[in-house]
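Novice: Provide a 3D model corresponding to the input given below.
(one chain, ligands or ions: 2)
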Amino acid sequence: MYYTDTIAAIATAAGNSGIGIIRISGSDSIIIADKIIKSKTGRSIGLCDKDSHTISYGFVFDENVCIDEVLVFLYRAPKSYTAEDSVEISCHGGMYVLKRVLDTVIKNGARPAEPGEFTKRAFENGRIDLTQSEAVMDMISSENEFSRKNSIEQLRGSVKDMIISLRGKILDECAYIEAALDDPEHYDLDGYTSVLDKKITDMIKDADELIDSSKNARYLKEGINAAIIGRPNAGKSSLLNMLLGYERAIVTKEEGTTRDLIEEKISLDGIVLNLTDTAGIRSSDNEAERIGIKKARDIAKTSDLILAVLDGSEKLNENDIEILSSVSRERSLILINKNDIDNRITAEDIKKYSEADIISISSKTGDGFNELKDKIKEMFYTDKISDNKQIYLTNLRQLNSFINARDSLLLVKNAIENKMTEDVFTVDLMDAYEELGRIIGESTDDALADKIFKDFCMGK
Ligand SMILES: Nc1nc2c(ncn2[C@@H]2O[C@H](COP(=O)(O)OP(=O)(O)O)[C@@H](O)[C@H]2O)c(=O)[nH]1
Ligand SMILES: [Mg+2]
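Specialist: Ligands and ions are numbered 1, 2, ... in the order given. Take a look at the predicted model:
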């Protein structure tokens, strides 16, 4: 292993806890640990001679001052997280003592690590690829079972292996074409185009399936952003409260009660909804209310799902009509609320303005809640996804590169259809190959890697 400078950071969460870990990685990490970690009486415990994957007991000393009683985990390159020599010092988990130990480590030759720098080293040293690096962060931030499962599979290399295999297939075709153009006596291109056409068609079909399921998988990972919109007093805040199971938002008979956005997460049988309750849409002279209404319109534009609430006890008014006309069929559900009292709105009234599915509910009694839940699951195909072991590209960067690669394959198919010569195919095949390389970090420029690791947490 070549020489690398030695980095150090507190790897555990900020705030006091039972145990806190200082992580050190780089060529001098064991030497530094040996300098500062000693026996109770300040004698050497011989860390430099210890085997990899051993745990030693000792005390951290800053010169003659004893700082903490610790356990030291020692890893020798390449069998460590970073693939370099590394040490983890397991200290008492108070923030002050951890900072004090970190300062001592730095005073003895390490430098503070950048966010994500340990994982970046694991990537640069070839222990993991870019998809596995991203899976590390996904694992840390996962908040549900789907996200965790997806992260661990990706960490185990599922996406990497799939991309490598696809790249291999593409490269084989390029190599064949190049060889045949160079050496027509030994490689025959007769009939090759139809063979290639079949292969490319299959690749595109698989890619399309992956892209489709990945888009839905992202909802499972991050939750579906759902906005509750509707005119004042339709029962939006009541719906939020009903879904949450407690009185989060103020509900009154008065119009214009909710002004700011109220955001809450709920889980429906494992599907997370990031719900936003909004101000009732109407024309208003009040400035705070007007700002609230603008926010409501804006959030509706960017959400994955709109729950458009109507007050079923009153006829449609112009505000309802404006809302109904503005929501799309694919992304919206229309909820006729207050079905526990008189109903004055029919499906026919609504269908004049919108084709979105309609559900009759009561935010008071909870009626229609199951139907709403089933409909959301159906819209986002989440049943199908959560149950099987397929691979998904839930990371947007990876998905976008994959889409670009698929588009390059489509160009190959077009070129075949337009009876272009074989040398044209290789250009687009190589574009697809390069773009797939970006996913795993093979054809990554430094700027992209820097950008990815910058968003990591400290000590990871
Ligand atoms: N009967 C009945 N009243 C409801 C229902 N949902 C809301 N309300 C009432 O309608 C009024 C306005 O409710 P609110 O949730 O504040 O509406 P928002 O302005 O759309 O947020 C309140 O008096 C609620 O008690 C419902 O399902 N049934
Ligand atoms: Mg409200």
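Novice: burial of the nearest residue to S17 once chain neighbours are set aside, as a residue count?
Specialist: Leaving aside its chain neighbours, S17 sits nearest to G93 (3.9 Å; criterion: Cβ to Cβ, 6 or more residues apart in numbering). (C-beta placed from N, C-alpha, C; glycine too.) Neighbourhood size, G93 [other Cβ atoms under 10 Å]: 17.
Novice: look up how far ligand 2 lies from G93.
Specialist: 43 Å (Cβ to the ion, to the nearest Å).
Novice: show the pLDDT at that residue.
Specialist: Here, the pLDDT recorded for G93 equals 96.
Novice: can you check G292 too?
Specialist: 91.
Novice: quick one, what contacts it?
Specialist: T258, R259, D260, L261, T278, A279 (Cβ atoms under 8 Å, 6 or more residues apart in numbering).
Novice: A227 in helix, strand or coil?
Specialist: strand (DSSP: H, G, I helix; E, B strand; the rest coil).
Novice: kindly report the same for C66.
Specialist: Assignment for C66 (three-state DSSP): strand.
Novice: could you look up the SS state of the closest residue to it other than its chain neighbours?
Specialist: In space, C66 comes closest to F59 once its chain neighbours are excluded; the distance is 5.3 Å by Cβ to Cβ, 6+ apart. Recorded secondary structure, F59: strand (three-state DSSP).
Novice: list, out of the contacts of G292, those positioned next to ligand 1.
Specialist: T258 (Cβ under 6 Å from any ligand atom).
Novice: in JSON lines: the contacts of G292, plus neighbour count and distance to ligand 2.
Specialist: Below are the contacts of G292 laid out as JSON lines (neighbours: other Cβ atoms under 10 Å; distance: Cβ to the ion, whole Å):
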{"residue": "T258", "neighbour count": "22", "distance to ligand 2": "3"}
{"residue": "R259", "neighbour count": "19", "distance to ligand 2": "9"}
{"residue": "D260", "neighbour count": "12", "distance to ligand 2": "10"}
{"residue": "L261", "neighbour count": "15", "distance to ligand 2": "11"}
{"residue": "T278", "neighbour count": "26", "distance to ligand 2": "8"}
{"residue": "A279", "neighbour count": "27", "distance to ligand 2": "7"}
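Novice: from the contacts of G292, which single one is nearest ligand 1?
Specialist: T258 (5.1 Å; Cβ to the nearest ligand atom).
Novice: before we move on, what SS does the closest one have?
Specialist: Strictly by three-state DSSP, T258 counts as coil.
Novice: quick check on it: phi, psi?
Specialist: Main-chain dihedrals, T258, degrees, to the nearest 10: phi -80, psi 130.
Novice: ok, it - contacts?
Specialist: Counting by Cβ under 8 Å, 6+ apart, T258 has contacts K236, S237, A249, I250, D277, T278, A279, G280, G292.
Novice: same thing but at 10 Å, please
Specialist: Shown in contact with T258 (Cβ atoms under 10 Å, 6 or more residues apart in numbering): 228, 232, 236-237, 240, 249-252, 277-280, 289, 292, 296.
Novice: do V87 as well
Specialist: Contacts of V87 (Cβ under 10 Å, 6+ apart): 6, 8, 22-26, 29-34, 37, 47, 56, 72-75, 80, 105, 110.
Novice: surely it is in a strand?
Specialist: Yes. Read with three-state DSSP, V87 is one of the residues of a strand.
Novice: show me which residues of the stretch 151-300 of the chain sit near ligand 1.
Specialist: Along the stretch 151-300 of the chain, the residues adjacent to ligand 1 under the rule Cβ under 6 Å from any ligand atom are 230, 232-238, 251-253, 257-258, 280.
Novice: I'd like to know which of these are buried.
Specialist: G230, P232, N233, A234, G235, K236, S237, S238, V251, T257, T258, G280 (16 or more other Cβ atoms under 10 Å).
Novice: is any residue of stretch 221-240 near ligand 2?
Specialist: Yes. Stretch 221-240 is in contact with ligand 2 by Cβ under 5 Å from the ion, via K236, S237.
Novice: tell me how far L429 lies from ligand 2.
Specialist: L429 is 55 Å from ligand 2, by Cβ to the ion.
Novice: tell me the pLDDT of that residue.
Specialist: 95.
Novice: next SSE downstream of the helix or strand encompassing it?
Specialist: Assigned by DSSP states H and E, L429 falls within helix 422-440. Under the assignment DSSP H and E, the closest C-terminal helix or strand after helix 422-440 is helix 446-454.
Novice: in that following helix, what's buried?
Specialist: In helix 446-454, counting by 16+ other Cβ under 10 Å, buried: A449, I452, F453.
Novice: show me how far it is from its chain's centre.
Specialist: 16 Å (Cα atoms, centre = their mean, to the nearest Å).
Novice: repeat for stretch 71-83
Specialist: Using Cα atoms, centre = their mean, the offset of stretch 71-83 from its chain centre is 28 Å.
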